[in-house]
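1. just to be clear, the model below is a prediction. Sequence and coordinates:
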Amino acid sequence: MSHYPHLFSPLTINGMTLKNRIIMPPMGTNMATLNGEVSQEQLEYYELRAKGGTGLITIENICIDFPFASNGTTQLRIDNDQYIPRLFKLTETLHKHGACVSIQLNHAGASAYAYRLEGQTPLSSSTTPSKKHGNIPRPMTHEEIYHAVEKFGDAAERVRRAGFDCVEIHAGHSYLISQFLSPLFNKRTDEFGGSVENRTRILSLIVDKVRACVGPRFPVSLRISADDFLKGGNTLEDSLRILELCQEKVDIINVSAAQNDNLNLQIDQMSLEDGWKRYLSRAVRDKFHKPTVIAGNIRTPQVAEDILASGDADLIAIGRGLIAEPEWVQKVQGGKERLMRKCISCNIGCADHRIARSRPLRCSINPDIIHGDAYKMRRVNRDTNVVVIGAGTAGMEAACTAAEVGCHTWLLEAKNHVGGLASEISRLPEKKRIADFPQFMKNRIASLDNLMLQIGKRADVASVSALRPHLIVNATGSTPLLPPIEGLRENIDVENGKIFSITGMIDNCLLYTSDAADDLH
Ligand SMILES: Cc1cc2nc3c(=O)[nH]c(=O)nc-3n(C[C@H](O)[C@H](O)[C@H](O)COP(=O)(O)O)c2cc1C
Ligand code: SF4
């Protein structure tokens with residue numbers, strides 16, 4: 001019997017049967033084509049996660065009404081039938097691997113991508129930007145509100161035609177619907193503002209419309225920010241009241257939290273415990289007795305299993321964990337947990353690329369999130385010796401890759417331990433999650449017979465030449481930049497001194513009091 005009986009038990013929701021309890025939540029990729037179609041790269045990215053055993057894949061937020069509803073630089077669109085063929089190709093491809101497929105309908109409201117609006121003002125409930133220093137929107141007229149409701153319905157109908165198994169309404173994360181739900185944004189005085197009933201009105205209309213368009217036997221999911229975690233915003237109690245008013249025709253409640261101004265709680269910062277938001281889904285599940293999803297730094301199967309076994313949620317959303325490790329499910333199922341590339345919640349390659357830099361989604365610890373291990377098929381066809389100098393994370397990745405394609409590989413490290421700066425930094429209590437990455441690399445090295453690791457071995461010409469390398473990789477890392485201050489270099493990390501390198505500072509971190517940290521702010 002599996003170590004994780006709950007994780008691998010199927011679940012049927014309104015006719016959709018999921019083979020396990022792991023779902024990929026929606027995550028914008030910036031990989032769509034310029035006109036909003038599914039790109040080949042995007043299709044392969046999702047296919048890899050379906051191949052990896054994920055039960056339900058939720059495709060990222062899709063624009064229901066271009067340009068006012070649009071978000072991100074290259075976002076998917078579904079405001080026109082011409083998008084159906086590529087979306088169908090996507091669902092068809094993922095279904096081949098046994099995954100169910102959902103997609104998240106979204107109207108960005110005040111977060112609309114300004115350039116596309118060509119000088120027009122973005123729409124919202126009121127004039128409050130969706131984030132500090134964001135664009136100031138204008139309040140929607142009644143006509144515009146009912147138009148948006150219609151567009152959600154049209155989009156849902158296309159979702160069904162495109163072969164999806166489920167549709168999700170995005171009512172969280174500072175987008176249009178949450179700009180109505182949350183008093184942080186909604187300052188209206190008509191029937192769409194003020195009381196909780198009025199603020200929920202647009203969502204109730206959308207849920208009714210979507211249900212009418214997809215019919216009674218098609219799963220509808222609703223994603224909400226169950227607690228804004230911001231002063232003056234919705235609390236869990238408020239959100240439960242909102243759900244009371246609109247959840248009746250919904251099959252799944254996908255519990256998220258927070259808004260744009262506290263993104264660190266929405267796309268959870270690394271110091272937050274695995275599954276720290278599970279009490280939110282518990283409260284929702286206890287009240288409405290419907291399949292409930294929870295996300296938030298859930299990385300290990302044991303935590304996921306505990307959440308399910310304790311009844312805190314019915315489905316586990318693993319977002320960044322699946323960006324970093326597309327085979328999460330298969331590796332857990334196959335007893336290969338030691339070889340899982342666990343996301344370290346650094347938010348650099350994914351969130352920062354996608355949200356702050358308008359780059360396509362990437363991952364700091366996974367060099368190819370689109371093709372995964374496909375490189376292993378490209379084996380070297382003659383004897384090749386590779387020497388990698390430096391066993392930091394880059395050196396370890398290079399050495400493992402070389403060995404995995406069949407090179408005789410040596411990895412030389414001057415220090416007595418591997419992992420470089422990543423290992424050093426993970427000694428800081430708030431950054432301990434980073435240690436998972438060098439640990440994964442160590443496990444990977446240990447699994448490769450043709451990779452020889454030599455620690456405590458400083459590379460020099462003689463020792464490297466003796467290995468007769470065809471290829472040498474210099475991965476010795478970098479040295480920090482220092483300002484040109486006379487005597488600075490000689491005084492770093494000296495006994496009883498007060499000037500530290502980053503590693504010297506970490507060595508001494510237990511000596512710092514929290515008051516000292518406050519002084520630095
Ligand atoms: C790059 C990126 C894009 C995201 N885009 C969306 C989105 O389109 N819709 C949404 O509801 N949540 C979005 N999220 C939030 C995730 O769905 C998820 O709730 C969050 O990352 C926490 O789960 P995790 O710790 O498993 O990653 C995004 C997160 C990331 C990292
Ligand atoms: S970039 Fe960082 S946070 Fe994002 S998936 Fe990769 S490891 Fe996780």
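-> Cool, the structure landed. Ligands and ions are numbered 1, 2, ... in the order given.

2. near ligand 1, which residues of the stretch 301-450 of the chain?
-> Within the stretch 301-450 of the chain, the residues that sit near ligand 1 (C-beta under 6 Å from any ligand atom) are 317-321, 350-351, 354, 361. All C-beta spots, glycine's among them, are computed from the backbone N, C-alpha and C.

3. test my guess that residue 220 contacts residue 166.
-> Yes: when contacts are counted by C-beta atoms under 8 Å, residue 220 is listed as touching residue 166 (7.3 Å).

4. common neighbours of the two, please.
-> 251-252 (C-beta atoms under 8 Å, 6 or more residues apart in numbering).

5. show me what contacts the nearest residue to residue 59 once chain neighbours are set aside?
-> If you skip the residues right next to it in sequence, residue 59 has residue 103 as its closest partner in space, 4.1 Å away by C-beta to C-beta, 6 or more residues apart in numbering. When contacts are counted by C-beta under 8 Å, 6+ apart, residue 103 is found next to 26, 58-60, 62, 78, 87, 159, 164, 167-168.

6. what's the answer for residue 220, then?
-> When contacts are counted by C-beta under 8 Å, 6+ apart, residue 220 touches 156, 166-169, 207, 210-211, 214, 249-252.

7. in strands, which of these fall?
-> Counting by DSSP state E, these place 166-169, 252 in strands.

8. for ligand 2, what's its nearest residue on the stretch 101-250 of the chain.
-> Of the residues in the stretch 101-250 of the chain, the one nearest ligand 2 is residue 173, at a distance of 16.9 Å by C-beta to the nearest ligand atom.

9. looks to me like that residue is in a strand.
-> No: membership of residue 173 in a strand is not supported by DSSP: H, G, I helix; E, B strand; the rest coil, which gives coil.

10. check contacts around it.
-> The neighbours of residue 173, taking C-beta under 8 Å, 6+ apart as the test, are 225, 256, 258-260, 266.

11. residue 129 now?
-> For residue 129, the set of contacting residues under the criterion of C-beta under 8 Å, 6+ apart consists of 110, 135-137.

12. closest one of these to ligand 1?
-> Taking these together and measuring to ligand 1 by C-beta to the nearest ligand atom, the closest member is residue 110, at 16.0 Å.

13. and that closest one, what does it touch?
-> With contact set as C-beta under 8 Å, 6+ apart, residue 110 has these partners: 122-124, 128-130, 134-137, 174, 176, 179, 185.

14. hmm, try it at 6 Å
-> With contact taken as C-beta atoms under 6 Å, 6 or more residues apart in numbering, residue 110 is in contact with 122, 124, 129-130, 137, 179.

15. what does residue 20 give?
-> With contact set as C-beta under 6 Å, 6+ apart, residue 20 has these partners: 8, 55.

16. for it, helix, strand, or coil?
-> Secondary structure assignment for residue 20 (three-state DSSP): coil.

17. show the model's pLDDT score for it.
-> At residue 20 the predicted local distance difference test score is 98.

18. please report the distance of it from ligand 1.
-> For residue 20, the distance to ligand 1 under the criterion C-beta to the nearest ligand atom, to the nearest Å works out to 16 Å.

19. again with residue 310
-> 19 Å.

20. what does the residue nearest the centre of the chain show for phi and psi?
-> Taking C-alpha atoms, centre = their mean, the centroid of the chain lies closest to residue 320, which sits 3.2 Å from it. For residue 320, the backbone dihedrals (degrees, to the nearest 10) come out as phi -60, psi -30.

21. so what's it up against?
-> Residues in contact with residue 320, defined by C-beta under 6 Å, 6+ apart, are 343, 350.

22. kindly recompute the last result at 8 Å.
-> With the criterion set at C-beta under 8 Å, 6+ apart, residue 320 makes contact with 27, 267, 343, 345, 347, 350, 363.
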